[in-house]
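**Student:** Here you go, sequence then predicted model.
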Number of protein chains: 2
Amino acid sequence: MNKASRKDVILLPNTPSIIGWASIAGKKEGDGPMGFCFDVIEPDSHFGKDTWEQAESELQRRTVELMLSNAEYTAGEVDAIFGGDLINQCTSATFGMRHLGIPFLGIYGACSTMAEGLLLAALMVDGNHMQHCAAVTSSHFSGAERQFRFPLSYGGQRTPNAQWTSTASGAVLLGECTKPPYIRGVCVGCINDQSITDTNNMGAAMAPAAIDTVLRYLMATHTRPSDYDVILTGDLGLVGSELLHQLAEQNGYDISKVHRDCGVMMFDDTTQDTHAGGSGCGCSASILCGYFLPKIASGEIKNLLFAATGALLSPMLCQQGETIPCISHLVHISAEKGADT
Amino acid sequence: MNKASRKDVILLPNTPSIIGWASIAGKKEGDGPMGFCFDVIEPDSHFGKDTWEQAESELQRRTVELMLSNAEYTAGEVDAIFGGDLINQCTSATFGMRHLGIPFLGIYGACSTMAEGLLLAALMVDGNHMQHCAAVTSSHFSGAERQFRFPLSYGGQRTPNAQWTSTASGAVLLGECTKPPYIRGVCVGCINDQSITDTNNMGAAMAPAAIDTVLRYLMATHTRPSDYDVILTGDLGLVGSELLHQLAEQNGYDISKVHRDCGVMMFDDTTQDTHAGGSGCGCSASILCGYFLPKIASGEIKNLLFAATGALLSPMLCQQGETIPCISHLVHISAEKGADT
């Protein structure tokens, strides 16, 4: 048996396509600078349900059904769906998906969940194990605030570097197809713990994980940031994005020209009081599906590295004095199948 | 594009092998009928740490390191590890794995986690995306009781159909190899919700999910229960196992002769006061790795269907009056590569 050292990057010989996608966002997200790009903006933050947890399940269910409708597929044609979210026991995904009858694989990557699901769904199709595989994630401001910080009615003040959990969801369907967006490569993240304990400064905690994964991909593929139109992080926000540029520079890379961050894009702090930007699994999921995938499908963007980041934060462990481990998974999404594959 | 209906079962043409495994259990599990089979029994329920959550992280870290040592591999040779557990934000896995430097993919399937991780790791290797892929999970009695029911110091009484969360962990390493155990097929579970709300009767809630997945596998492969030496469920316990046999019978299958349940096997209620049996992700993970994998490796057991079940239970959603969605993933583990592959 050949015990070769680990390969950092998995190139996908069959370059599966993203054959369908959808995004749904809440009112505040709809009022922000990205409001124009989402499929649906839901003004009712309860999504017609009684609790925040039920609301987020409903959000996720609606997003998957809309994605299937956009792609002109039915639930019965999907071999499996990867789903996860921030809520304890991933209830938004499990309760949201329970009546759809699609074989379900639960994942947990905090705000990196969209990249993890997309990565795994792409590998399922690329390896010919599945014909159609989906991924979904979401976040809800009110449920996340209560679980990770304080109930909204407590009226706690937010620090300047705090981020605003987006009420949003994104879903994708992968399959073999001759139309872009194609998935050309992926990189599974390593857990990165820089001993940061400030739960109000997630961007700073996550930036080292993002740069680690992005650099591993660039080095393994012998590419430079300028080979990509966009290097898209999930929700580093303003603080984390600045740190990301510094960390890249320290490693001899200038990513500032191509870097975009979904957390920075989601809100306008000058009018929306969102401080360092958006966060939550749904932030990068909805902006990827609402804004970037259509541009890759049309060829306006040729190559994009999607490196969503997750703070694997636990309120319980933080209370015990623990630090915040972070992770970032990367997916190379392209308008071209590429000569290398 | 061929929009064929979903295939229920994925057969693995390259039949990857489980090339290494390990199991670690706590003192009560060591005192039970399966105590002889675990690699290590740890008498200190804190595993040398200060809190239950840190203890379970340490348990999971030790199990992965022991598995690598058993397999004569280093962390640097593992392409990725799938990890998850019952604790909020899957901290036992993320905090346990954070210093090992192995690319990490977080999963959540409650007590079905070992089957989900094994299934996904097998597909990664079978699809030639990874050379070596691992999976790990664990549970800890004290952490799980506090999170899902009551803190131990509350001294709550347990109902007769309640199960005892095992303090245990199991880990596996998958790779291409010419030695058994081989993975020949898998079946991804659908979420099954029979509107059960009793959080002290998990076995009853999970049995329908188990039979659904097992029957989907049997029907898709045109096999009968008698074609397998063992159909192994995760932790249905005494109540859920009886229900499973009844549900099988209603569908025209007699599985009673080959069915074993890790929850039933783990403890002896007559001397250990464990009521309906063991539960927790670590229950089926440790018994699979400690007891069954060696028997498949030696050929004593030829074909085993491992169908771990998970109650995707949320204390928050239960308080909101919600029911308990359940899931079961299946992995066909064999001493033979098989003619069908």
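**Tutor:** Here it is on my side, so go on.

**Student:** Let me see the ranges of the helices in the stretch 201-341 of chain A.
**Tutor:** A:202-221, A:237-250, A:262-266, A:269-272, A:281-287, A:293-297, A:315-319 (DSSP state H, counting those that start in this stretch).

**Student:** Looking at those helices, which one is packed in the most?
**Tutor:** Mean neighbour count (mean count of other CB atoms under 10 Å in any protein chain shown) peaks for helix A:281-287 among those, with a mean of 36. All C-beta spots, glycine's among them, are computed from the backbone N, C-alpha and C.

**Student:** quick one: contacts of that helix?
**Tutor:** By CB atoms under 8 Å, 6 or more residues apart in numbering or on different chains, the residues outside helix A:281-287 that reach it are A:23-25, A:29, A:34, A:37-38, A:59, A:84-86, A:110-111, A:113-115, A:136-140, A:165-171, A:232-235, A:262-263, A:265-266, A:306, A:308.

**Student:** rewinding a little: what would the helices of the stretch 201-341 of chain A look like in CSV with mean pLDDT?
**Tutor:** Output for the helices of the stretch 201-341 of chain A, formatted as CSV (pLDDT from 0 to 100):
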stretch, mean pLDDT
helix A:202-221, 95
helix A:237-250, 96
helix A:262-266, 98
helix A:269-272, 92
helix A:281-287, 98
helix A:293-297, 98
helix A:315-319, 91
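
**Student:** Just the pLDDT for residue A:36.
**Tutor:** Model confidence at residue A:36, given as pLDDT, is 98.

**Student:** Ok, the one 4 residues further on next?
**Tutor:** According to the predicted model, the pLDDT of residue A:40 comes to 98.

**Student:** Contacts only, for it.
**Tutor:** Residue A:40 touches A:23-25, A:62, A:66, counting by CB under 8 Å, 6+ apart.

**Student:** same check, this time on residue A:102
**Tutor:** Per CB under 8 Å, 6+ apart, neighbours of residue A:102: A:75, A:78, A:80-81, A:134, B:190.

**Student:** Checking my notes, it in a strand, right?
**Tutor:** No - using DSSP: H, G, I helix; E, B strand; the rest coil, the assignment for residue A:102 is coil, not a strand.

**Student:** And residue A:263, how far from residue B:291?
**Tutor:** From residue A:263 across to residue B:291, the span is 47 Å (CB to CB, to the nearest Å).

**Student:** so which residue of the stretch 51-200 of chain A comes closest to chain B?
**Tutor:** Using CB to the nearest CB, residue A:127 is the residue of the stretch 51-200 of chain A that sits closest to chain B, at 2.3 Å.

**Student:** Which residues does residue A:138 form beta bridges with?
**Tutor:** residue A:169 (DSSP bridges).

**Student:** wouldn't it be in contact with residue A:61 here?
**Tutor:** No - look at residue A:138 against residue A:61 with CB atoms under 8 Å: they stay out of range, at 9.6 Å.

**Student:** Tell me which of these two has more neighbours.
**Tutor:** residue A:138 (37 against 23; other CB atoms under 10 Å in any protein chain shown).

**Student:** Centre-most residue in chain A?
**Tutor:** Central residue of chain A (CA atoms, centre = their mean): residue A:114, 3.6 Å from the mean position.

**Student:** Give the buried residues for stretch A:253-264.
**Tutor:** A:253, A:255, A:258-264 (16 or more other CB atoms under 10 Å in any protein chain shown).

**Student:** okay if I get these as JSON lines plus distance to chain B?
**Tutor:** Shown next, in JSON lines, are the buried residues of stretch A:253-264 (distance: CB to the nearest CB, whole Å):
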{"residue": "A:253", "distance to chain B": "21"}
{"residue": "A:255", "distance to chain B": "21"}
{"residue": "A:258", "distance to chain B": "24"}
{"residue": "A:259", "distance to chain B": "23"}
{"residue": "A:260", "distance to chain B": "24"}
{"residue": "A:261", "distance to chain B": "22"}
{"residue": "A:262", "distance to chain B": "20"}
{"residue": "A:263", "distance to chain B": "20"}
{"residue": "A:264", "distance to chain B": "25"}
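
**Student:** Retrieve the pLDDT associated with the residue nearest to residue A:305 when sequence neighbours are not counted.
**Tutor:** Excluding its sequence neighbours, the residue lying closest to residue A:305 (CB to CB, 6 or more residues apart in numbering or on different chains) is residue A:231, at 4.7 Å. pLDDT recorded at residue A:231 is 98.

**Student:** again, but for residue A:154
**Tutor:** 85.

**Student:** what's around it, how many residues?
**Tutor:** Around residue A:154 there are 9 residues (other CB under 10 Å).

**Student:** cool, residue A:76 as well?
**Tutor:** 12.

**Student:** is it true that residue A:241 touches residue A:259?
**Tutor:** Yes - between residue A:241 and residue A:259 a contact is recorded at 6.9 Å, counting by CB under 8 Å.

**Student:** where in chain A is pLDDT low?
**Tutor:** Along chain A, the parts satisfying pLDDT under 70 run over A:1-4, A:339-341.

**Student:** tell me the strands in it, going along the chain?
**Tutor:** Counting by DSSP state E, chain A has strands at residues A:10-11, A:17-26, A:40-42, A:80-84, A:104-106, A:132-139, A:164-165, A:168-175, A:182-187, A:230-233, A:259-261, A:278-279, A:303-311, A:326-334.
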